[in-house]
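Undergrad: Here is a sequence with its predicted model. Questions after.
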Amino acid sequence: MSDLCAHFALLARNNLWSNHRLHGACAQLSGGEYRKPRRAAFFGSIHGTLNHILLIDRYYLDRLAGRVEKERFDDDVELAPDLPGLTAAQTTADRSLLAFILSLTETGLEAPVTLSDDDDRPVQDPVRTVLLHLFLHQVHHRGQVHALLRETPVEPPQLDEFFLSQDLGRREAELRDLGLA
């Protein structure tokens, strides 16, 4: 595996772990707190923001795999009616992303991915650029959910660790449970 492929695999593992931690914190909320409309939420609530993360993940995973059923996605689609359903679907998406990256070669990172611009015209970017965009999108919106949790009785989880040796002792059980140890 090339250095760049290994780097993306590390990002995908961290993505899986971060979503696991964030969803775990959200699972401690009452249904009312979880779905409560929040002014600072770009997508209305914690549920709406987690749904958006998954929606975009699926959009880009489909494009990376060469599947294009329709050019646009509907940001109003609720992918799961509750957090357990959303968590299961997010975990599946995160594992699919990791599997996709583990199958990549250096050449595969340069392969074109067809997307569409704001006018629904096809555009292409290399896999490596789409992956970077996807990870940044995840971090951005996880940060929003993290901030929204500050408005609830649940303490937001630590998400800014990146599997450093100094942190592994505190995270070993979680990583083992996720198959990332």
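TA: Arrived safely.
Undergrad: need the contact list for residue 162.
TA: residue 14 (C-beta atoms under 8 Å, 6 or more residues apart in numbering). The way it works is simple: take the backbone N, C-alpha and C, and place the C-beta from them, glycine included.
Undergrad: before we move on, what SS does it have?
TA: Look at residue 162: counting by DSSP: H, G, I helix; E, B strand; the rest coil, its state is coil.
Undergrad: Kindly provide the distance from it to residue 96.
TA: 22 Å (C-beta to C-beta, to the nearest Å).
Undergrad: gap between the residue nearest the centre of the chain and residue 109?
TA: Residue closest to the average C-alpha location in the chain (C-alpha atoms, centre = their mean): residue 138, at 4.5 Å. Applying C-beta to C-beta, the value for residue 138 to residue 109 is 19 Å.
Undergrad: same for the helix or strand bottoming out on mean pLDDT in the chain, what does it pack against?
TA: Taking mean pLDDT, DSSP states H and E as the measure, the helix or strand of the chain with the lowest value is helix 165-177, at a mean of 85. Judged by 3 or more C-beta pairs under 8 Å, 6 or more residues apart in numbering; DSSP states H and E, helix 165-177 is in contact with helix 3-26.
Undergrad: I'd like to know which elements the helix it packs on is packed against.
TA: helix 46-64, helix 83-102, helix 106-109, helix 127-149, helix 165-177.
Undergrad: buried ones in the following helix or strand past that helix?
TA: Per DSSP states H and E, the first helix or strand lying C-terminal to helix 3-26 is helix 31-35. Buried positions in helix 31-35, judged by neighbour count with 16 or more other C-beta atoms under 10 Å: 33-35.
Undergrad: circling back: surely the residue nearest to the centre of the chain meets residue 57?
TA: Yes. Judged on C-beta atoms under 8 Å, residue 138 makes contact with residue 57 at a distance of 7.3 Å.
Undergrad: Common neighbours of those two, please.
TA: Jointly contacting residue 138 and residue 57 under the rule C-beta under 8 Å, 6+ apart is no residue at all.
Undergrad: Assumed residue 76 was part of a helix.
TA: No. Checked against three-state DSSP, residue 76 lies outside a helix; its state is coil.
Undergrad: What count of nearby residues applies to it?
TA: Number of residues near residue 76 (other C-beta atoms under 10 Å) recorded here: 9.
Undergrad: What score does it have for pLDDT?
TA: Residue-level confidence at residue 76 comes out at 81, pLDDT.
Undergrad: now do residue 124
TA: Looking at residue 124, its pLDDT stands at 94.
Undergrad: nearest residue to it other than its sequence neighbours?
TA: With C-beta to C-beta, 6 or more residues apart in numbering as the criterion, residue 124 has its nearest non-adjacent residue at 4.1 Å, and that residue is residue 112.
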